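**Student:** need a structure here:
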Amino acid sequence: MSNELPRPVNYIADDWSECQTVPDAWNLDPNTREPIHRTVTTAPDDVERALRHAERVHDVGRWDEDARRERAAMFERVANIVESRVEDIARTDSLTSGTPIGVTRKVAAFLPARIRATAADLVTIPRVTALAAGGRDVRLYKVPWGPAAILTPWNGPSFIPAAKIASAIAAGCPVILKPSEHAPGSAQIIVECFLEAGLPSGALQLVHGAGDVGARLTSDPRVKIVSFTGGPAAGRAIARAGAEDFKVLQLELGGNNPVLVLDDADLDVTADGILDGMTKLNGQWCEGPGKILAHRSLVAPLLDALTERISKLVVGHSLDADVRIGPISNAPHFRTLQNRIEGLRNLGAAIHRPARLPELGGYFLSPTIAVGADPAQATAELFGPLVSLHAVDSDEEALHVANANPSGLDAYVFGADTDRAIDVGSHILSGEVRVNGAKIADLGDDSAQSFWGPAGIGGHGPAESVRVFCGDRVVGVDSPGLPL
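**Tutor:** Numbering: from 1, shown residues only. This is a model prediction of the structure:
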């Protein structure tokens, strides 16, 4: 089967249109470095057309029970269409992110449930609530902010666009989606599924390109909210641009997430959890483990346990169902990870890369453990199948090191005494702390994760559509009897 993918196209003002191609540039298959489609971008005039259309169609609209049920029915149609394209989505995800298809199939199979959850939110979460006001009619409205620019990354090429599009459209915000230039194909399929379900005019537009296209969107005053998942440099640029007209921002930026291994940790539970975290999505997920701070007595046995497990992993072509680890997604990030490894080596780390790599010519990297660098200097986000391992002598020292350069996004604690582990975790400067595991799904039904410090602005969790893409508006009858 050919590994070529269709060249991406834009969807602007209710019409599909060709993108501009970038001269002498191709998106490559990360398994082989063979071309899969021409690299594309969007001309400034086309970005302007998308912005004008989003502004023109925006209307707060009606949000009574019938209207909410009509929109929920539309999302049910989207979910059904996505179900019919799960294998197409999974294959495209795998070819652009490098994540093994056994994993991307699970991700794609979950997409309909995520979209149906948005449909359920539309029906159950009221958009107008009566407030207690001494008998006067006072109401709290949840009102869409307005046109939304959604910029999504290459490591979650289908799930993140699907989830954010669903949330924003459910809220009533016209969406302009710009997926990563490194992995545009999956977002293209997701947009096709939404449009086939019969969206209102202007509810969703799609533009392709790199940071210059994103900058035009995020700096434009017609965009009222920006939702971005990606690197800290781009996040800071978006925050600076958004400050000009005080846009609403949701920025998930990631960091070097700490892992605290307490002196009573079960070695197998710890090694299995860390291995799961550092190899999930090929380690290319913003909440993955980064800097391991292990009690000194456990550093050597933990290194042995991880090395043994990594040496048994099957590294290979991402479309091979038996593969556990695929290639790094793209050339720039592959170079970044190589630089991160050399940077840790220069800090005094011993580098352990025990996996056997395939002879395919792609961006393959053994899951890597860098042991012994000064943890105070090992602060860069790793974002790959790479962790650094450091010795500490107490919980207090581990917390001090973790919080000196906080990730702010995720953290991990491994320990047999769960009360103690949770107590330690509650002191880590992070929006979420997982104890004795490294899964992706929300810890609880009402889990709401804030982004602390360098991790970004805002947060995510259930009912995201109302919480992020709507603002509060109070409307009611005033009273001369109020004290002031």
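
**Student:** can we go C-alpha only for contacts and neighbour counts from here?
**Tutor:** Fine.

**Student:** direction included, what does the longest strand belonging to the chain pair up with?
**Tutor:** What stands out as the longest strand in the chain, according to DSSP state E, is strand 20-28. Paired neighbours of strand 20-28 in the sheet (DSSP bridges): strand 35-41 (antiparallel).

**Student:** any chance you could list what contacts the strand it pairs with?
**Tutor:** Applying CA atoms under 8 Å, 6 or more residues apart in numbering, the contact partners of strand 35-41 are 3-8, 19-22, 25-29, 181, 207-210, 213.

**Student:** can I get the longest strand of the chain in CSV, CA atoms only?
**Tutor:** Coordinates of each C-alpha in strand 20-28 appear next as CSV, following Å, rounded to 0.1, in the frame of the first residue of the first chain:
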residue,chain,number,x,y,z
GLN,A,20,-0.4,27.2,-1.9
THR,A,21,2.5,24.8,-2.0
VAL,A,22,5.8,25.7,-0.3
PRO,A,23,8.6,25.5,-2.9
ASP,A,24,10.8,22.5,-2.6
ALA,A,25,9.2,21.3,0.6
TRP,A,26,7.5,18.0,1.3
ASN,A,27,5.9,16.3,4.3
LEU,A,28,7.8,13.1,4.9
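
**Student:** give me the buried positions along that strand.
**Tutor:** 20-21, 26-28 (16 or more other CA atoms under 10 Å).

**Student:** now do the longest helix seen in the chain, average pLDDT.
**Tutor:** For the chain, the longest helix by residue count, based on DSSP state H, is helix 101-124. For helix 101-124, the mean per-residue pLDDT is 95.

**Student:** who does that helix touch, helix- and strand-wise?
**Tutor:** Contacts defined by 3 or more CA pairs under 8 Å, 6 or more residues apart in numbering; DSSP states H and E place helix 101-124 against helix 65-84, helix 86-97, helix 159-171.

**Student:** elements contacting the longest one?
**Tutor:** The contact analysis (3+ CA pairs under 8 Å, 6+ apart) places helix 65-84 against helix 101-124, helix 185-196.

**Student:** so which bits of the last one are buried?
**Tutor:** By neighbour count, and taking 16+ other CA under 10 Å as the criterion, the buried residues in helix 185-196 are 185-195.

**Student:** who touches it?
**Tutor:** Against helix 185-196 from outside (CA under 8 Å, 6+ apart): 5-9, 78, 81-82, 89, 92-93, 96, 157-158, 161-162, 179, 204, 206.

**Student:** and it with helix 65-84, angle?
**Tutor:** Orientation check (axes from the mean of the first three to the mean of the last three CA atoms, to 10 degrees): helix 185-196 against helix 65-84 gives 130 degrees.

**Student:** the one helix or strand residue 294 maps to pairs with which strands?
**Tutor:** Residue 294 is part of strand 289-295 when elements are defined by DSSP states H and E. Partner strands and pairing direction for strand 289-295 (DSSP bridges) are strand 257-261 (parallel), strand 386-392 (parallel).

**Student:** put the alpha carbons of the last one into CSV.
**Tutor:** In CSV, the C-alpha atoms belonging to strand 386-392 read as follows (Å, rounded to 0.1, in the frame of the first residue of the first chain):
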residue,chain,number,x,y,z
LEU,A,386,13.6,10.2,26.9
VAL,A,387,13.8,10.7,30.7
SER,A,388,16.6,11.9,33.0
LEU,A,389,17.2,10.1,36.2
HIS,A,390,18.5,11.8,39.4
ALA,A,391,19.2,10.7,43.0
VAL,A,392,17.6,12.5,45.9
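
**Student:** what's it in contact with?
**Tutor:** 278, 283, 289-296, 299, 344, 367-375, 378, 398.

**Student:** now stretch 429-437
**Tutor:** Under the contact criterion CA under 8 Å, 6+ apart, stretch 429-437 has outside partners 269-270, 273-274, 402-403, 406-415, 418, 421-422, 425-426, 443, 449-452.

**Student:** of the helices and strands packed on helix 65-84, which is nearest residue 303?
**Tutor:** Closest approach to residue 303 among the helices and strands packed on helix 65-84 is made by helix 101-124 (26.0 Å; CA to CA).

**Student:** what lines up beside the following helix or strand past the closest one in the sheet?
**Tutor:** Sequence order places strand 128-130 as the next helix or strand after helix 101-124, per DSSP H and E. Strand pairing for strand 128-130, using DSSP bridges, gives strand 138-144 (antiparallel).

**Student:** could you point out the helix or strand that follows the strand it pairs with?
**Tutor:** Counting by DSSP H and E, the next helix or strand C-terminal to strand 138-144 is strand 148-151.

**Student:** may I have that next one exported as PDB, CA atoms only?
**Tutor:** The C-alpha trace of strand 148-151 is given here as PDB (Å, rounded to 0.1, in the frame of the first residue of the first chain):
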ATOM      1  CA  ALA A 148     -12.300  31.100  17.800                       C
ATOM      2  CA  ALA A 149      -8.800  30.400  16.400                       C
ATOM      3  CA  ILE A 150      -7.900  26.800  17.300                       C
ATOM      4  CA  LEU A 151      -4.200  25.800  16.700                       C
END
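
**Student:** report the separation between residue 288 and residue 461.
**Tutor:** Distance, residue 288 to residue 461, by CA to CA, to the nearest Å: 17 Å.

**Student:** out of the two, which sits in the more crowded spot?
**Tutor:** Set residue 288 next to residue 461 and count neighbours by other CA atoms under 10 Å: residue 288 wins out with 36 against 17.

**Student:** and for the nearest residue to residue 340 once chain neighbours are set aside, the neighbour number?
**Tutor:** Leaving aside its sequence neighbours, residue 340 sits nearest to residue 382 (CA to CA, 6 or more residues apart in numbering; 6.8 Å). Residue 382 has 28 neighbours, counted by other CA under 10 Å.
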